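*Asks:* return atomic coordinates for the entry below.
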Amino acid sequence: MLEALNYTFFQNALLAGVLVSIASGIIGSLIVVNRMVFLAGGIAHTSYGGIGIAIYFGLPIFLGASVFSIGAALLMAYLTLYQRDRIDTFIGLIWACGMALGIILVDLTPGYNVDLMSYLFGSILAVSSDDLIYMGILLAFIVSIVVFFYRDILAVSYDSEYASLRGINVRFFYTLILVLSALTVVIAIKVVGLILVIALLTIPIYIAEKLSHSLYGMMIISAILSSIFTLIGLYIAYFFNLTSGATIIVVSAMSLFMFIIYKKFKGES
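*Replies:* Residues are numbered from 1 along each chain as shown. Take a look at the predicted model:
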């Protein structure tokens with residue numbers, strides 16, 4: 001099993017898995033606590049438009065996806081805050097248009113034969129050194145923002161009305177959480193793909209929520225769990241020649257199932 005560590009591509013995949021897991025644990029906790037799972041899912045699928053733009057204009061994939069996802073996050077934040085009555089319709093529309101735009105631009109790119117599966121279900125074994133640098137920079141940015149604004153984010157996440165009375169700009173931090181979610185989604189696409197990214201942002205967090213008593217603890221535990229699930233899934237995918245993103249999510253889902261069974265058994269005993 002350890003012979004896989006001799007390969008550079010596998011070393012990159014392991015490092016990428018840890019970086020993305022830490023980001024997913026932190027931002028996934030905020031997504032779940034603020035009940036933004038549907039919004040994050042919309043951002044994830046909309047980001048394919050940014051991938052299509054990057055491919056068509058010859059830009060770095062991460063750059064195109066990041067800028068487009070941030071734009072989608074800002075738009076969704078505005079609609080959520082000011083057009084609440086039809087938010088589900090607007091998110092569905094943005095979701096579909098983003099993916100459609102990406103597919104069309106990929107089709108129009110001359111001489112480019114893209115493997116859509118790599119973006120839909122992840123290609124962690126294809127992570128390059130440049131990808132790792134970008135993931136590291138984004139993770140450092142995400143951690144810095146969360147640490148610096150932790151008290152305000154905590155207040156907004158658990159009691160927005162009280163936070164507003166304290167003079168905290170609730171709208172700003174609501175939008176900030178969505179923007180950070182967009183950046184996390186972008187780096188997670190390389191690991192599990194945009195179809196499965198929401199599972200990575202919610203399954204470890206559900207378990208962590210049951211094991212912790214604070215938002216900080218939830219972030220730490222979910223980051224650790226996400227790293228464990230990702231590394232186990234990566235090893236299984238490598239040795240059995242399976243799709244890495246799907247394997248990681250299956251490992252996470254099985255772990256969640258066993259955790260639920262354990263909690264139920266413990267509660268009855």
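
*Asks:* show me where pLDDT drops low in the stretch 101-250 of the chain?
*Replies:* Applying pLDDT under 70 to the stretch 101-250 of the chain flags residues 112-117.

*Asks:* now for the residue nearest the centre of the chain: which residues touch it?
*Replies:* With distances taken as C-alpha atoms, centre = their mean, V185 lies nearest the centre of the chain, 3.4 Å away. Counting by C-beta atoms under 8 Å, 6 or more residues apart in numbering, V185 touches 40, 43-44, 47, 69, 194, 197, 201. Quick note: C-beta positions are derived from backbone N, CA and C, even for glycine.

*Asks:* that one: which element?
*Replies:* Element membership of V185 [criterion: DSSP states H and E] is helix 170-211.

*Asks:* list the buried ones in whatever helix or strand comes next after that helix?
*Replies:* Scanning forward in sequence from helix 170-211 by DSSP H and E, the next helix or strand is helix 215-240. Going by neighbour count (16 or more other C-beta atoms under 10 Å), the buried part of helix 215-240 is 215, 218-223, 225-235, 237-238.

*Asks:* run the angle between helix 215-240 and helix 170-211 for me.
*Replies:* 70 degrees (axes from the mean of the first three to the mean of the last three C-alpha atoms, to 10 degrees).

*Asks:* can you spell out which helices and strands pack onto helix 215-240?
*Replies:* Helices and strands touching helix 215-240, by 3 or more C-beta pairs under 8 Å, 6 or more residues apart in numbering; DSSP states H and E, are helix 8-33, helix 150-158, helix 170-211, helix 244-268.

*Asks:* show me how far that helix is from its chain's centre.
*Replies:* From the chain centre to the centre of helix 215-240 is a distance of 13 Å (C-alpha atoms, centre = their mean, to the nearest Å).

*Asks:* stretch 243-251 now?
*Replies:* From the chain centre to the centre of stretch 243-251 is a distance of 15 Å (C-alpha atoms, centre = their mean).

*Asks:* what's in contact with that stretch?
*Replies:* Contact partners of stretch 243-251, identified using C-beta under 8 Å, 6+ apart, comprise 13, 17, 117, 121-125, 191-193, 196, 199-200, 203, 229-230, 232-234, 236-238, 240.

*Asks:* for stretch 137-157, same thing?
*Replies:* For stretch 137-157, the external contacting residues (C-beta under 8 Å, 6+ apart) are 19, 22-23, 26-27, 30, 33-34, 66, 162-163, 166, 168, 170, 173-174, 176-177, 180, 183-184, 186-187, 215-216, 219.

*Asks:* PyMOL command to pick out the buried ones of those residues?
*Replies:* A single PyMOL command is used to select the members of the contacts of stretch 137-157 judged buried by 16+ other C-beta under 10 Å:
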select buried, resi 19+22+23+26+27+30+33+34+66+163+168+170+173+174+176+177+180+183+184+186+187+215+219
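
*Asks:* flag every buried residue along stretch 5-19.
*Replies:* Result for stretch 5-19 [16+ other C-beta under 10 Å]: buried residues 10, 12-19.

*Asks:* no wait, stretch 76-93
*Replies:* For stretch 76-93, a neighbour-count test (16+ other C-beta under 10 Å) marks 76-77, 79-80, 87, 90-91 as buried.

*Asks:* again with stretch 62-70
*Replies:* Buried residues in stretch 62-70, counted by 16+ other C-beta under 10 Å: 62, 64-70.

*Asks:* which one of these sits closest to L108?
*Replies:* Within the buried residues of stretch 62-70, proximity to L108 (C-beta to C-beta) peaks at G64, which comes in at 14.7 Å.

*Asks:* ok, the closest residue to that closest one other than its chain neighbours - contacts?
*Replies:* Of all residues not flanking G64 in the chain, A54 sits nearest, at 2.6 Å (C-beta to C-beta, 6 or more residues apart in numbering). For A54, the contacting residues are 60-61, 63-65, by C-beta under 8 Å, 6+ apart.
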